[in-house]
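1. Quick one: sequence and predicted model below, then my questions.
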Amino acid sequence: MTISIAHLGPHGTYAETAALKYLNWFTKSHDQAALLCPYPSITQSLEAVAKEEVQVAVAPIENSIEGSVTMTLDALWRLDTLRIQHAIVLPIHHALLSIASDFSEIQTVYSHPQALAQCQNWLDRNLPSAQVIAANSTTEALQHLGEDQTIAAISSQRAAQLYSLPVLASPINDHPENCTRFIVVSLDPSPGGSRTSIAFSVSANQPGVLVKPLQIFAEKGINLSRIESRPTKRSLGDYVFFVDLEADTRQDAIQSALAELEHCTETLKIFGSYDVLPAIG
Ligand SMILES: O=C(O)C(=O)Cc1ccccc1
């Protein structure tokens, strides 16, 4: 059977590059074919797995400069059945694509909000009066270019090649070490690995409510590699906490920690234990 891998489209996004890395790894390590399926939004690519339209989705979850990709966190919390199979870390180098011959012609810049934020200082310095407009993805932004010399888009060198578009400046990200972590999700149980992702809500907004859950991990010597809060969307000041642990759910210490955590949280979701995919393809 050929597996389908959903990702944010259209063709040429960073999410597609990550999905391609997973496809190469998957087809080499399983004797099975795979194909890529672009979706108009990150949320729709994750929902496609929950609805069983596809077997796998690859979605950005965290950037080294801008932090969490909130759409992905919110979809993980909402779509109960998704399990993380792997993480993929990609270096991100943005380019300014336009048919303009000079920066002075550019009045509008389109891109994905993460890409716009990662190039904020460069834009302030080089295109201070340009209007910045959010697009669903870096390659959806390219659809605005047309024959218009007043428009530019932030995308990758790879996208410039795929669509035969001129690169006016590159790299334009404010930090050279810019990296994004993507997750590979499916409905299969997670395979196990060095990192475990969970999320929980707590029943009351009162002092010390977060101390107990965090104490459980401290007492068992489990290191946290990330903690992030998102609004539950029920009321102002009510949060879900996303936590990554340097541990594997197959270890006894983490199994007993998660069992204890059940007692001091309102809702606990375990997205699974997984490894970062080796850098191939
Ligand atoms: O729009 C894209 O190409 C994406 O894959 C989302 C994104 C944007 C910027 C950095 C990493 C991922």
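-> Received it, and whenever you're ready, just let me know what you need.

2. Residue 47 - that's part of a strand, no?
-> No - per DSSP: H, G, I helix; E, B strand; the rest coil, residue 47 lies outside any strand segment and is helix.

3. Spell out which residues belonging to the protein are near the ligand, please.
-> Counting by Cβ under 6 Å from any ligand atom, the residues of the chain close to the ligand are 8, 13, 14, 15, 60, 92, 112, 114, 115, 137, 138, 180. Just so you know, the C-beta spots here come from the backbone N, C-alpha and C atoms, and that holds for glycine as well.

4. Among the residues you listed, name the ones in strands.
-> 8, 60, 180 (DSSP state E).

5. Export those residues as TSV, with columns for pLDDT and distance to residue 149.
-> Formatted as TSV, these follow (pLDDT from 0 to 100; distance: Cβ to Cβ, whole Å):
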residue	pLDDT	distance to residue 149
8	98	28
60	98	31
180	97	30
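
6. now these in TSV, with distance to residue 245 and neighbour count?
-> Shown next, in TSV, are these (distance: Cβ to Cβ, whole Å; neighbours: other Cβ atoms under 10 Å):
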residue	distance to residue 245	neighbour count
8	27	33
60	21	25
180	21	23
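
7. ok, so what distance separates residue 180 from residue 159?
-> 15 Å (Cβ to Cβ, to the nearest Å).

8. Domains of the chain: list them as residue ranges, please.
-> 3-92+178-186, 95-169, 195-275 (automatic domain parsing).

9. which neighbours does the helix or strand where residue 272 lies have in its sheet, and in what orientation?
-> According to DSSP states H and E, residue 272 maps onto strand 267-276. Strand 267-276 has the following sheet partners, assigned by DSSP bridges: strand 83-91 (parallel), strand 195-201 (antiparallel).

10. Could you look over the ones you listed and pick the most buried one?
-> With neighbours defined as mean count of other Cβ atoms under 10 Å, the strands paired with strand 267-276 peak in mean count at strand 195-201, which reaches a mean of 21.

11. Run through who's touching that one.
-> 73, 76-77, 84, 87, 183, 213, 225, 232, 238-249, 254, 258, 261, 265-276 (Cβ atoms under 8 Å, 6 or more residues apart in numbering).

12. which of those count as buried?
-> 73, 76-77, 84, 87, 183, 213, 239-245, 247-249, 254, 258, 261, 265, 269-274 (16 or more other Cβ atoms under 10 Å).

13. Sitting in strands, which of those residues do you find?
-> Those of the buried ones among the contacts of strand 195-201 lying in strands (DSSP E): 84, 87, 183, 239-245, 269-274.

14. least confident pick among those residues?
-> Among these, residue 239 carries the lowest pLDDT, at 86.

15. Looks like it contacts residue 232 (just checking).
-> Yes - applying Cβ atoms under 8 Å, one finds residue 239 in contact with residue 232, separated by 6.3 Å.

16. about what we covered before: rank the domains of the chain by mean pLDDT and give me the bottom one.
-> domain 195-275 (a mean of 91).

17. Would you map the helices across the protein?
-> Taking DSSP state H to define them, one finds helices in the chain at 14-29, 42-50, 70-78, 113-118, 120-126, 157-162, 211-219, 252-263.

18. Output those helices as a markdown table; include the columns distance to residue 194.
-> Formatted as a markdown table, these follow (distance: least, Cβ to Cβ, whole Å):
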| stretch | distance to residue 194 |
| --- | --- |
| helix 14-29 | 17 |
| helix 42-50 | 23 |
| helix 70-78 | 19 |
| helix 113-118 | 26 |
| helix 120-126 | 33 |
| helix 157-162 | 29 |
| helix 211-219 | 15 |
| helix 252-263 | 11 |
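
19. so which of these comes closest to residue 133?
-> helix 113-118 (8.5 Å; Cβ to Cβ).

20. Show me what that closest one is packed against.
-> Helices and strands touching helix 113-118, by 3 or more Cβ pairs under 8 Å, 6 or more residues apart in numbering; DSSP states H and E, are strand 56-63, strand 131-134, strand 151-155.

21. I'm done for today, thanks for sticking with me.
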